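1. Sequence first, predicted model second:
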Amino acid sequence: MVAGVSAAVARRLGVDVTIVRVVFVLLALSSFGVAAYVLAWLFIPLEGEETNIASRALNDFPGIALAVAFIPLLVVGLLIASALNAGWLTSLSWSLLVSAAGLVLIWRNADDSDRALLHRAAAPLAELVTPGSKSRRVLWFRLIVGMVLLLVGLAGLLSGHTTRNGYRPFGGLLLVTGAVVVVFGPWWLRIARDLDSERQARARAEERSDMASRVHDSVLQTLALIQRQADHPQQVVQLARAQERELRSWLFDGRPLGSANEEDLTFVAGVHRIQQEVEATHGTTVDAVVVGDCPLDDALRGLLAAGKEATVNAAKWSGAPVVSLYAEVEASGVSMFVRDRGAGFDPAQVPEDRRGIAESVRGRMARLGGAATVRSVPGEGTEVALTMPTERTGRRPHTAPS
Amino acid sequence: MTQSADRSPTVFLVDDHGLFRVGVKAELGDSVVVAGEADEVEAAIELILERLPDVVLLDVHLPGGGGKAVVEAVRRNPEADGVRFLALSVSDAPEDVIGVIRAGARGYVTKTISGADLVDAVKRVAGGDAVFSPRLAGFVLDAFAEMAALPVADGSKAISPSFDPELDQLTAREREVLRLIARGYSYKELASELTISVKTVESHVSAVLRKLQLSTRHQLTRWAAERRLD
């Protein structure tokens, strides 16, 4: 049942919990049952605890003050009862309001013990629940319930003389409903709060794993690259800067990790990224030299993509230990040269697969408005030249990289 | 070519990493005579002046002032005129490399260079030529690029008074040569590409080196300063 009283009673008496529950449900059909359930809840200490709710309630002076605040309600109830001349209402007022006042004490103290339990069960989550605002909310809730009961009672009193027979059950129903709300409200609140903290915990866990994957994709990758480039202070600085920019934009501008990188890249950084990626993937040294720099646009991203494809080809097929990658930003355009001193091939007798690769680079550049030429001599090596004229890029050249 | 090209050149190693010195000695093999080695600036200056090797293989980054300090100190002594410097390092900020070159080094190669290429570079430097690695060629093109973009043809005096076109600008041919070096061409490949002799290539590279060392233009300084901030 609600407060686990059935189980506690069952343990005390040594009978099956279901029997106790059935008894309570049967008793609950009379008002005595509710009282019995509440009394049991009051005086049987929680499992593993020394004190019961009643003893704690006696020390809860603000709670007692709140309970005393129910006296006006009782007075109103008695007034209604006398006005309606209804003896049943008198007894109902007494019993309901006294138990309601008692329950104020009970839930305050029960709440504390539950909070303690919650603390032990989920210490980090419990801190999310700000106790100050919570108890204020509970207080407001009680006040509103009290006001509603009061208004309903007064309305019943005022209209009672004319059509008292019609309102009698209605007024009673309202009072009972109010009492039920007062009794069970805190439980509902707590259930809602539990659900809330559970949802927050889940959201937090999701956020954590999301962050872990993002950190892995960007920060850890960069750290790995930095370790690989430990002998290249300039590249380490560059990597660290790019990562710093990315982290900052993630932390302060809310931009996702991994995406900011692309936007902030300049042409030089793009070329060095090709170098790093090909060196990391294919283990071939890429000797990258870049002259000038400019911001990236779509045409230049295309150029970089084609340059990367050419570099990967050289690393994969040429057999040369070093691939030279030279790029230059000039007023007339941007050019890239990928050269290896490897196997080379006879352009006239290219195997189908390699022709496909050369065509892919050439086609890519042609679509972007640039050009690609491939020169290769068997036994001497291959050079791929990629050019992108300025009018296709719409860039503003700048020699000082940001 | 000087007389030193006829015999095995004597080489002095300056690098603070002992392991690297061992590696370089192994790669140089019998092609050169190792005259000595040092791992910091003071000892290097003293020993170089004492032994006067043909070529000093010099790490750009050294404890006690860097390779630049060694070049400057040694070149202050007239008796060390015949000593040539070849800067060697893993990867450096452009201003450090340009600094060593402007102090008087005859070239710059990266430590990833193969043994055969290193021997070739040492012999070239011993013979009085300049040695440009692709990276150095890129640095130089970058440093001079700004100047090339300025309108010189219309005769306007938009350029600083100290501007000397002889020293402060690369010729079209020199740019072409540097570009091909940056693209990974050897001097021989470069010569056949431009249909010129290797000798001509060498003279172009030496001319660029001279400009690099003697140019006083503001752009070079500013370029280096910008790169330092980068």
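-> Cool, the structure landed. Numbers count the residues shown, from 1 in each chain, chains lettered A, B, ... in the order given.
2. CA only for contacts and neighbour counts going forward, please
-> OK.
3. Break the chain into its domains for me.
-> Since you didn't name a chain, this refers to chain A. Here the domain assignment for chain A is A:45-207, A:267-402, based on automatic domain parsing.
4. let's do chain B instead
-> Using automatic domain parsing, the domains assigned to chain B come out as B:3-129, B:136-229.
5. May I have the residues that are in contact with the nearest residue to residue A:332 once chain neighbours are set aside?
-> Closest residue in space to residue A:332, ignoring its immediate chain neighbours: residue A:390 at 5.5 Å, by C-alpha to C-alpha, 6 or more residues apart in numbering or on different chains. Shown in contact with residue A:390 (C-alpha atoms under 8 Å, 6 or more residues apart in numbering or on different chains): A:331-334.
6. what comes up buried for the biggest helix by length in chain B?
-> When chain B is parsed with DSSP state H, its longest helix is helix B:198-214. Residues B:198, B:201-202, B:204-213 are the ones in helix B:198-214 that count as buried (16 or more other C-alpha atoms under 10 Å in any protein chain shown).
7. Report how many residues lie close to the residue of the stretch 101-250 of chain A at minimum distance from chain B.
-> Across the stretch 101-250 of chain A, the shortest distance to chain B (C-alpha to the nearest C-alpha) belongs to residue A:232, at 5.2 Å. Neighbourhood size, residue A:232 [other C-alpha atoms under 10 Å in any protein chain shown]: 17.
8. ditto for residue A:380
-> Neighbourhood size, residue A:380 [other C-alpha under 10 Å]: 13.
9. if I read this right, it contacts residue A:339, doesn't it?
-> No: assessed by C-alpha atoms under 8 Å, residue A:380 is found out of contact with residue A:339, at 10.5 Å.
10. sorry, back to before: from the chain's centre, how far out is the longest helix of chain B? Work that out for me.
-> When distances are taken as C-alpha atoms, centre = their mean, to the nearest Å, helix B:198-214 is centred 10 Å away from the chain's centroid.
11. which other helices and strands contact it?
-> helix B:94-103, helix B:165-168, helix B:172-182, helix B:187-193 (3 or more C-alpha pairs under 8 Å, 6 or more residues apart in numbering or on different chains; DSSP states H and E).
12. For chain A, find the nearest of those.
-> Taking the helices and strands packed on helix B:198-214 one by one with C-alpha to the nearest C-alpha, helix B:172-182 is closest: 6.2 Å.
13. relative to helix B:198-214, how tilted is that closest one?
-> Counting by axes from the mean of the first three to the mean of the last three C-alpha atoms, to 10 degrees, helix B:172-182 lies at 100 degrees to helix B:198-214.
14. for helix B:172-182, packing partners?
-> Helix B:172-182 is packed against helix B:134-148, helix B:187-193, helix B:198-214, with contacts defined by 3+ C-alpha pairs under 8 Å, 6+ apart.
15. Pull out the CA atoms of stretch A:298-316 and give them to me as CSV.
-> Extracted as CSV, the C-alpha positions of stretch A:298-316 are listed here (Å, rounded to 0.1, in the frame of the first residue of the first chain):
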residue,chain,number,x,y,z
ASP,A,298,33.6,25.6,-51.1
ALA,A,299,35.9,25.7,-54.1
LEU,A,300,39.0,25.5,-51.9
ARG,A,301,37.5,22.7,-49.8
GLY,A,302,37.0,20.8,-53.1
LEU,A,303,40.6,21.5,-53.9
LEU,A,304,41.7,20.2,-50.6
ALA,A,305,39.5,17.1,-51.0
ALA,A,306,41.1,16.4,-54.4
GLY,A,307,44.5,17.0,-53.0
LYS,A,308,43.9,14.6,-50.2
GLU,A,309,42.7,12.0,-52.7
ALA,A,310,45.9,12.4,-54.7
THR,A,311,48.1,12.3,-51.6
VAL,A,312,46.3,9.1,-50.4
ASN,A,313,46.9,7.6,-53.9
ALA,A,314,50.5,8.4,-53.8
ALA,A,315,50.9,7.0,-50.3
LYS,A,316,49.0,3.8,-51.2
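16. Any part of it near chain B?
-> No: contact of stretch A:298-316 with chain B (C-alpha under 8 Å from any C-alpha of the partner chain) is absent, the minimum separation being 13.0 Å.
17. quick one: contacts of that stretch?
-> A:267, A:270-271, A:274, A:278, A:282, A:284, A:320-323, A:325, A:336-340, A:357, A:361, A:364-365, A:368, A:382, A:384, A:386-388, A:392-393.
18. same thing but at 7 Å, please
-> Here stretch A:298-316 makes contact (C-alpha atoms under 7 Å, 6 or more residues apart in numbering or on different chains) with A:270-271, A:274, A:278, A:282, A:284, A:323, A:336, A:338, A:340, A:361, A:364-365, A:368, A:384, A:392-393.
19. taking those residues one by one, which sit in strands?
-> Per DSSP state E, strands hold the following members of the contacts of stretch A:298-316: A:323, A:336, A:338, A:340, A:384.
20. quick one on the thing from earlier: for the domains of chain B, which one sits closest to residue A:178?
-> domain B:136-229 (73.4 Å; C-alpha to C-alpha).
21. can you tell me the average pLDDT over the closest one?
-> Averaging pLDDT along domain B:136-229 yields 75.
22. Quick check: which element contains residue A:374?
-> strand A:371-377 (DSSP states H and E).
23. Just the buried residues of that strand, please?
-> Those would be A:371-372, A:374, A:376, for strand A:371-377 by 16+ other C-alpha under 10 Å.
24. Would you format those residues as TSV with distance to residue B:128 and pLDDT included?
-> As requested, the buried residues of strand A:371-377 are exported to TSV (distance: C-alpha to C-alpha, whole Å; pLDDT from 0 to 100):
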residue	distance to residue B:128	pLDDT
A:371	40	88
A:372	39	88
A:374	36	86
A:376	34	85
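25. State the distance from the residue nearest to residue A:332 to chain B.
-> 15 Å (C-alpha to the nearest C-alpha, to the nearest Å).
26. Chain neighbours aside, what residue packs nearest to residue A:231?
-> Counting by C-alpha to C-alpha, 6+ apart, residue A:231 lies nearest to residue B:90, which is 6.5 Å off, once chain neighbours are set aside.
27. ok, that neighbour - contacts?
-> Shown in contact with residue B:90 (C-alpha under 7 Å, 6+ apart): A:231-232, B:110-111.
28. could I get stretch A:204-218 in CSV with only the CA atoms?
-> Extracted in CSV, the C-alpha atoms of stretch A:204-218 (Å, rounded to 0.1, in the frame of the first residue of the first chain):
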residue,chain,number,x,y,z
ARG,A,204,22.6,13.6,-17.2
ALA,A,205,23.8,10.2,-18.1
GLU,A,206,22.9,10.8,-21.8
GLU,A,207,24.7,14.1,-21.7
ARG,A,208,27.7,12.4,-20.2
SER,A,209,27.9,9.7,-22.9
ASP,A,210,27.3,12.3,-25.6
MET,A,211,30.1,14.4,-24.2
ALA,A,212,32.4,11.4,-23.9
SER,A,213,31.9,10.6,-27.5
ARG,A,214,32.4,14.1,-28.6
VAL,A,215,35.5,14.5,-26.5
HIS,A,216,36.8,11.3,-27.9
ASP,A,217,36.1,12.3,-31.5
SER,A,218,37.8,15.7,-31.2
